[in-house]
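[1] Structure of the sequence below:
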Amino acid sequence: MWYMRLPWKWQQWQDYVVRKSIETWVAYQGATPIGYFELEKQPRGNTEIAYFGLVPEFVGQGLGRLLLQDAINKAWDTADNRIWLHTCTLDHANALPNYLNRGFKVFKEEDFEDMIPAEPLQPWEGAAKPT
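    Predicted coordinates for the structure are as follows:
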């Protein structure tokens, strides 16, 4: 349900990913991508695990635990104060227990409502076309 960036145009993606504060890591099993995480270095020695997820076919195999530990290790390469992340009820049921088991603590809970697209998520217009 990570739909928030779907309206972005190609240039918005380019502008976002070239920022020095952003790192995107992709996990593979053989040549098959199985998941990824995105780290964002922030002021005061903080690093956010901004995005984290597995391809649905690889959920339930213990790979989320391993990938999250990789994300934490990489995040500490850029953080000297804290690592943090958001989660929500749209995340997989294993997400929060995985975070808690890796040492994260609940800092704040809040209610937030948003309109979720009814149609299946698709790539942005022109995504398959070479530039």
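[2] Report the distance from the longest strand along the chain to the chain centre.
    Longest strand in the chain, counting residues (DSSP state E): strand 32-42. In terms of Cα atoms, centre = their mean, to the nearest Å, the centre of strand 32-42 is found 5 Å from the chain centre.
[3] hey, C-alpha coordinates of that strand in CSV?
    Output of strand 32-42 as CSV, limited to C-alpha atoms (Å, rounded to 0.1, in the frame of the first residue of the first chain):
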residue,chain,number,x,y,z
THR,A,32,15.6,-12.3,-7.9
PRO,A,33,14.9,-9.1,-5.9
ILE,A,34,13.2,-10.1,-2.6
GLY,A,35,13.0,-6.8,-0.7
TYR,A,36,14.6,-3.5,-0.1
PHE,A,37,15.1,-0.8,2.4
GLU,A,38,15.7,2.9,2.1
LEU,A,39,17.7,4.9,4.6
GLU,A,40,17.5,8.7,5.1
LYS,A,41,20.3,10.4,7.0
GLN,A,42,18.9,13.2,9.0
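[4] Near L39, how many residues? Count them for me, please.
    Neighbours of L39 under the rule other Cβ atoms under 10 Å: 25. In this view, the C-beta of every residue, glycine as well, is placed from N, C-alpha and C.
[5] Bridged to the most centrally placed residue in the chain, which residues?
    The chain has Y51 as the residue nearest its centroid, 1.3 Å off, counting by Cα atoms, centre = their mean. Y51 forms beta bridges with E38, as assigned by DSSP bridges.
[6] ok so, going back, give me the average confidence score over the longest strand of the chain.
    Strand 32-42 shows a mean pLDDT of 95.
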